[in-house]
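Engineer: I'd like to go over a predicted model; first the sequence, then the structure.
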Amino acid sequence: MQVSKSLETLQCESCDWSRAVEPGELDEQERPQRCLACSCDDLWRQKDFSQKIGLMFVGTGILLSTIAWAYMWPMLAIGILMVFALIDLSLYSLMRDVLVCYRCGARHRHTEIDERHVSFNLETAERHRQETARLADSK
């Protein structure tokens, strides 16, 4: 979701879901105070980069390095790992942060990240997972 004060309605980019933005959901710096999709107060920050692409990138580096090591080229194997590490570091420093909701997984892009939004917390994620499971069992 794109976040800005001028938004009057939120619309999902991949489906027909939409709802009105209520006053007070964004602070003065246009930072979401809670999830704009489900109103959950628990948000966490992560880099706006596909995890699947990241895993393929790491896997490719490991595979190429292993092949070089198998052919008894240890300097090339270490060089491959170092090149992949430098590319990873540069991508990490260039990518913007995005806010992700623990409950519904909505991603809030193009917003200033507040200091209270920290990295992923397994305890909070587990609490929301168990809450979802209990609600599903009660139906």
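Structural biologist: Here it is on my side, so go on.

Engineer: use CA for all of it now, contacts and neighbours both
Structural biologist: Noted.

Engineer: Which helix or which strand is home to residue 16?
Structural biologist: Residue 16 belongs to no helix or strand when assigned by DSSP states H and E.

Engineer: err, residue 124, not the other one
Structural biologist: Using DSSP H and E, residue 124 falls in helix 122-138.

Engineer: what sits against residue 80?
Structural biologist: 61, 64-65 (Cα atoms under 8 Å, 6 or more residues apart in numbering).

Engineer: Which of those has the largest number of neighbours?
Structural biologist: Greatest neighbour count in the contacts of residue 80, by other Cα atoms under 10 Å, goes to residue 65: 22 neighbours.

Engineer: ok, so of the contacts of residue 80, who is nearest residue 30?
Structural biologist: Nearest to residue 30 out of the contacts of residue 80 is residue 61 (Cα to Cα; 39.2 Å).

Engineer: Is the closest one in contact with residue 81, as I believe?
Structural biologist: Yes. Using Cα atoms under 8 Å, residue 61 is in contact with residue 81, at 6.2 Å.

Engineer: Can you get me a residue count around residue 107?
Structural biologist: 20.

Engineer: start at 86 instead
Structural biologist: That works, and once the first residue is 86, the last one we named lands at residue 192.

Engineer: if I look at the closest residue to it other than its chain neighbours, how far off is residue 177?
Structural biologist: In space, residue 192 comes closest to residue 185 once its chain neighbours are excluded; the distance is 4.6 Å by Cα to Cα, 6 or more residues apart in numbering. As judged by Cα to Cα, to the nearest Å, residue 185 and residue 177 stand 17 Å apart.
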